[in-house]
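Asks: fold the following for me, if possible:
(2 chains)
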Amino acid sequence: NAGVTQTPKFRILKIGQSMTLQCTQDMNHNYMYWYRQDPGMGLKLIYYSVGAGITDKGEVPNGYNVSRSTTEDFPLRLELAAPSQTSVYFCASRDSNTGELFFGEGSRLTVL
Amino acid sequence: QQQVKQSPQSLIVQKGGIPIINCAYENTAFDYFPWYQQFPGKGPALLIAIRPDVSEKKEGRFTISFNKSAKQFSLHIMDSQPGDSATYFCAASMGSSNTGKLIFGQGTTLQVKP
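Replies: Residues are numbered from 1 along each chain as shown, chains lettered A, B, ... in the order given. Presented below is the predicted three-dimensional model:
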């Protein structure tokens, strides 16, 4: 059982480039989330989805976009990368019966 | 109102000590309070969670104490071990909402010395 899988694990971008962080879960969870983690700041919610075709903004959505065409996949798109987007990004899915979030191992992004 | 404030930012204890991490919230609509544990290079994983109808919950060496009137909750780690060295996050959400969004505290880095 793979759980939540994120790719890539590491990436360096130049300012202005774009990229997509991939997230896949195999637990058939309807709820999925993207968080970013910065030192001393905890985890901040970027975007979330309550099911295929439904997405909404979290606390810090600017500079990001998401889509949810299937239950399994929830990619995060960064357009026109900026140094402020240097962070570790975590994707998670939620067991709606227990409320538990299952996280991927993270994607470390550096924008230079 | 959506914030969860966590302290301390870092903590060092000797093996066998009892580290305590505190969290405070403002939104009285929160009704689900989990703690997540994160090891370096890994994603956070659920450690223990509590709902406001109880004042304490124990799972092994980990205990959550919950004070509804003060809007505070804390994590105690009994007989701490070097393997407990990790970053701990408290969180809160409105379980009755249809989003399941968790609001996280700032995190506490715990080091347990042998």
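Asks: tell me which residues touch A:Met27, please.
Replies: If you count contacts by CB atoms under 8 Å, 6 or more residues apart in numbering or on different chains, A:Met27 has them with A:Asn1, A:Gly3, A:Val4, A:Ser93, A:Asp95, A:Phe102. For the C-beta atoms, the positions are set from N, CA and C on the backbone; glycine is no exception.
Asks: assess the claim that the fourth one and A:Leu101 are in contact.
Replies: Yes. Under the criterion of CB atoms under 8 Å, A:Ser93 makes contact with A:Leu101 at 7.2 Å.
Asks: joint contacts of these two?
Replies: A:Tyr33.
Asks: identify the residues contacting whichever residue of chain B sits closest to chain A.
Replies: Nearest to chain A in chain B, going by CB to the nearest CB, is B:Gly43, at a distance of 3.1 Å. Contact analysis of B:Gly43 by CB under 8 Å, 6+ apart lists A:Val4, A:Phe90, A:Ala92, A:Phe103, A:Gly104, A:Glu105, A:Gly106.
Asks: same check on B:Gly17?
Replies: B:Ser80, B:Val112.
Asks: tell me the pLDDT at it?
Replies: Per-residue pLDDT puts B:Gly17 at 97.
Asks: for B:Arg61, see how far away it is.
Replies: Taking CB to CB, to the nearest Å as the measure, B:Gly17 falls 12 Å from B:Arg61.
Asks: just the contacts of A:Met27 that are near chain B?
Replies: Taking CB under 8 Å from any CB of the partner chain, the overlap between these and the neighbourhood of chain B is A:Val4.
Asks: which of the contacts of A:Met27 ranks first by neighbour count?
Replies: Within the contacts of A:Met27, most neighbours by other CB atoms under 10 Å in any protein chain shown means A:Ser93, with 28 neighbours.
Asks: what's the helix or strand encompassing that residue packed up against?
Replies: Secondary structure assigned from DSSP states H and E places A:Ser93 in strand A:87-94. Applying 3 or more CB pairs under 8 Å, 6 or more residues apart in numbering or on different chains; DSSP states H and E, we find strand A:87-94 packed against strand A:4-7, strand A:19-25, strand A:31-38, strand A:101-103, strand A:107-111.
Asks: recalculate using a threshold of 10 Å.
Replies: On a contact count with 3 or more CB pairs under 10 Å, 6 or more residues apart in numbering or on different chains; DSSP states H and E, strand A:87-94 meets strand A:4-7, strand A:19-25, strand A:31-38, strand A:42-51, strand A:76-78, strand A:101-103, strand A:107-111.
Asks: can the fourth one be found next to chain B?
Replies: If I follow you right, that is strand A:42-51. Yes. Counting by CB under 10 Å from any CB of the partner chain, contacts between strand A:42-51 and chain B involve A:Gly42, A:Leu43, A:Lys44, A:Leu45, A:Tyr48, A:Ser49, A:Val50.
Asks: in contact with the second one, which residues?
Replies: Right, the one you point to is A:Leu43. By CB atoms under 10 Å, 6 or more residues apart in numbering or on different chains, A:Leu43 lies in contact with A:33, A:35-37, A:59, A:88, A:90, A:92, A:101, A:103, B:36, B:38, B:43-44, B:89, B:91, B:102-107.
Asks: can you list the residues of chain B near chain A?
Replies: So far as CB under 10 Å from any CB goes, chain B lies against chain A at B:2-6, B:9-10, B:32, B:34, B:36, B:38, B:41-46, B:49, B:51, B:87, B:89-91, B:93, B:95, B:98-107, B:109.
Asks: can you show me the CA trace of stretch A:71-88 as CSV?
Replies: Provided in CSV are the C-alpha atoms of stretch A:71-88 (Å, rounded to 0.1, in the frame of the first residue of the first chain):
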residue,chain,number,x,y,z
THR,A,71,-9.9,10.8,-7.1
GLU,A,72,-6.3,9.7,-7.1
ASP,A,73,-4.4,12.7,-8.5
PHE,A,74,-4.1,16.2,-7.2
PRO,A,75,-1.3,18.1,-9.0
LEU,A,76,0.0,21.5,-7.8
ARG,A,77,1.0,24.0,-10.5
LEU,A,78,3.5,26.8,-9.9
GLU,A,79,3.4,29.5,-12.5
LEU,A,80,6.2,32.1,-12.8
ALA,A,81,8.2,30.8,-9.8
ALA,A,82,9.5,33.3,-7.3
PRO,A,83,12.1,33.0,-4.5
SER,A,84,9.2,33.3,-2.0
GLN,A,85,8.0,29.9,-3.2
THR,A,86,11.2,28.2,-2.0
SER,A,87,9.7,25.7,0.5
VAL,A,88,8.9,22.1,1.2
